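Peer 1: okay, sequence plus prediction incoming.
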Amino acid sequence: MSLSLFYRRSISPTVLSLLCGVAFLWLPQIVNAQPGGLKVGEKAPEIVQTGVDGKDLRLSNLKGKMVLIDFWASWCKPCRYENPNVVKAYEAFKNSKFKSGNGFAVFSVSLDQQKDPWLRAITEDKLVWKEHVSDLKGWGNAAGQMYGVTGIPMSYLIDGNGVIIAKNLRGPALEETLKSHLK
């Protein structure tokens, strides 16, 4: 007996209708789901980690600005390919006025385990902002755990009040989103 004939004989029309109805009701939730981590509209939790100079940096020090929280690592090729887009957006919007925030900053959280490759990647990719942090615990990074990071690159865009307004903006989507929030 073929597999399709088995399914036709095994599932009654009533059960099939019920399954289709349930799928129809859940489909909008599945399509609009935001997999992994925090959701748009939530307040971004505080991040305090060690910067490149060994001193702690706080996400909350950027309050009042639009901030891209960018989870990445030196060993992550997709992250490194995305870095020029982040640099371009930073240069274009760092002094801009937004509906909820003045200026644009990047708070880079590295999932590296070794300091030298992390610092080398910052220099090679010309990541000119000063907010670079890492606890050098790789996938065990405390901020990554708190934000539900399961893959990188991963990012959250927060407004001047610290509310997540978008996530995982890549390529031109970051610039387009920032433009849409300009005053």
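Peer 2: Nice, I can see it.
Peer 1: pLDDT-wise, which helix or strand of the protein ranks last?
Peer 2: The helix or strand of the chain with the poorest confidence is helix 13-31; it has a mean of 40 (mean pLDDT, DSSP states H and E).
Peer 1: ok, then the element right after it?
Peer 2: strand 48-50 (DSSP states H and E).
Peer 1: mean confidence score for that following strand?
Peer 2: When pLDDT is averaged over strand 48-50, the result is 98.
Peer 1: for it, buried residues please.
Peer 2: Neighbour-count burial for strand 48-50 flags residue 49 (criterion: 16 or more other CB atoms under 10 Å). In this view, the C-beta of every residue, glycine as well, is placed from N, C-alpha and C.
Peer 1: following that strand, which helix or strand shows up next?
Peer 2: strand 56-58.
Peer 1: give the pairing partners of the very next helix or strand once past that following strand; include direction for each.
Peer 2: Once strand 56-58 ends, the next helix or strand along the chain (criterion: DSSP H and E) is strand 66-72. When pairs are called by DSSP bridges, strand 66-72 turns out to pair with strand 104-110 (parallel), strand 154-158 (antiparallel).
Peer 1: what sits closest to the residue most central in space within the chain if chain neighbours are left out?
Peer 2: In the chain, the centroid-proximal residue (CA atoms, centre = their mean) is residue 155; its distance is 1.8 Å. Leaving aside its sequence neighbours, residue 155 sits nearest to residue 70 (CB to CB, 6 or more residues apart in numbering; 4.8 Å).
Peer 1: quick one, what contacts the one you found?
Peer 2: 86, 106, 107, 108, 109, 153, 155 (CB atoms under 8 Å, 6 or more residues apart in numbering).
Peer 1: partner residues bridging it?
Peer 2: Here residue 70, judged by DSSP bridges, has bridge partners residue 108, residue 155.
Peer 1: so what pLDDT did the residue nearest to residue 141 when sequence neighbours are not counted get?
Peer 2: Leaving aside its chain neighbours, residue 141 sits nearest to residue 111 (5.1 Å; criterion: CB to CB, 6+ apart). On pLDDT, residue 111 comes in at 98.
Peer 1: what residue spans form the domains of the protein?
Peer 2: 1-33, 48-180 (automatic domain parsing).
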